[in-house]
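Asker: dropping the sequence and predicted coords here.
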Amino acid sequence: MPEETFLAMQRSIVDGAPDTASDLAQQALAAGIAPLEAINLGYVPGMHAVGEQFARGQMFLPDMMASAEAMRAAMAVLDLELKKLGAERPMAGIVVLGTTKGDIHEIGKILVGTLLSAHGFRVHDLGVDVSGEKFAAQARELHADIVGVSALLTTTMRNQRGVVEALEKAGLRSQVKIMVGGAPVTRRWAEEIGADGYAKDAMTAVALARSLMEQMAQHPVAEPA
Ligand code: HCB
């Protein structure tokens, strides 16, 4: 039964069918399937299939937009369940999250934000197409412990370096940890631009955020006077 449900979830994304995607998410919750399982085994593989078909020229931009809509519809149902878990946990840290300048991909970032919230982090999502300067200004204003930067295009990945530089320029680099992610991003890239860590998916991002918080607790930096 779950196998069929996961396949139907994948199909709802490939077909760009928001109502079906949302119905399946509700059915899954009613059947006791964990929201994260539905995301990882049902909907995300659907998004990957869409990316592959787009790359092969078998899908076009409007199709990809419809698939994104279906993904959002499913996430709207599952998000609520995941966030309930976070309300019961002690505050784990403050995260400012966004997609780099020039990039409007948001699904992965939203997923990262949802899982961080579900694990007790207070997440401020700045949205998409966010400049390094805005990341820095918001990190200061919101007293962020961690800045999470997403990029899905090889052309916008380099703007992650711009975020690291903006935080340095604002004098915040020693107080704020930076984690990067997104389909074209690698650990090596994270090291090259001077970020503190890379996460390949949302669960890894939670583990990374926890370990960055631990590092900060072990080596606290005095707030500037
Ligand atoms: Co878009 N697109 N797209 N797209 N798109 C990609 C990314 C391609 C790989 C598709 C392909 O060619 N195979 C490709 C990029 C090629 C490249 O640069 N190498 C591409 C392209 C080319 C484009 C346009 C340029 C197409 C055009 O206009 N001709 C255009 C660019 C617009 C722009 O940003 N300026 C475009 C537009 C779109 C939309 C709008 C139709 C839509 C986005 C809608 C939205 O987000 N609201 C879209 C989509 C949906 C995709 C694919 C199909 C899926 C992306 C997705 O949601 N994945 C994608 C194909 C793919 O990635 N395989 C395709 C699912 C999520 C869950 O995975 O990797 O985003 P994720 O996030 C993970 C992970 O990376 C990590 O955790 C997340 C959760 O597990 N993570 C972090 C992410 N951020 C993190 C931050 C952290 O701090 C830590 C971890």
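Answerer: All right, it came through fine. Numbering: from 1, shown residues only.

Asker: which other helices and strands does the lengthiest strand in the chain contact?
Answerer: In the chain, with assignment by DSSP state E, the single longest strand is strand 93-99. Identification of packing neighbours for strand 93-99 by 3 or more CB pairs under 8 Å, 6 or more residues apart in numbering; DSSP states H and E yields helix 107-118, strand 121-125, helix 132-141, strand 146-150, helix 202-218. The C-beta positions use only the backbone N, C-alpha and C, and glycine is treated the same way.

Asker: who's in contact with that strand?
Answerer: 105-106, 109, 112-113, 116, 121-130, 134-135, 138-139, 142-152, 156, 182, 209, 213 (CB atoms under 8 Å, 6 or more residues apart in numbering).

Asker: what about residue 80, distance to residue 202?
Answerer: Residue 80 sits 16 Å away from residue 202, going by CB to CB, to the nearest Å.

Asker: what about the two, which has more around it?
Answerer: residue 202 (23 against 13; other CB atoms under 10 Å).

Asker: who's in contact with the more buried one?
Answerer: 108, 111-112, 114-115.

Asker: would you mind measuring from it to residue 219?
Answerer: 26 Å.

Asker: could you do residue 130 as well?
Answerer: Taking CB to CB, one finds residue 130 at 28 Å from residue 219.

Asker: those two - which one has more neighbours?
Answerer: Taking neighbours as other CB under 10 Å, residue 130 and residue 219 compare with residue 130 leading, 24 against 8.

Asker: skipping its backbone neighbours, what lies nearest that one in space?
Answerer: residue 98 (3.7 Å; CB to CB, 6 or more residues apart in numbering).

Asker: how about stretch 134-148, does it get close to the ligand?
Answerer: Yes. Residues of stretch 134-148 are located near the ligand by CB under 6 Å from any ligand atom, namely residue 148.

Asker: can you give me the end-to-end span of that stretch?
Answerer: Using CA to CA, to the nearest Å, one end of stretch 134-148 lies 13 Å from the other.
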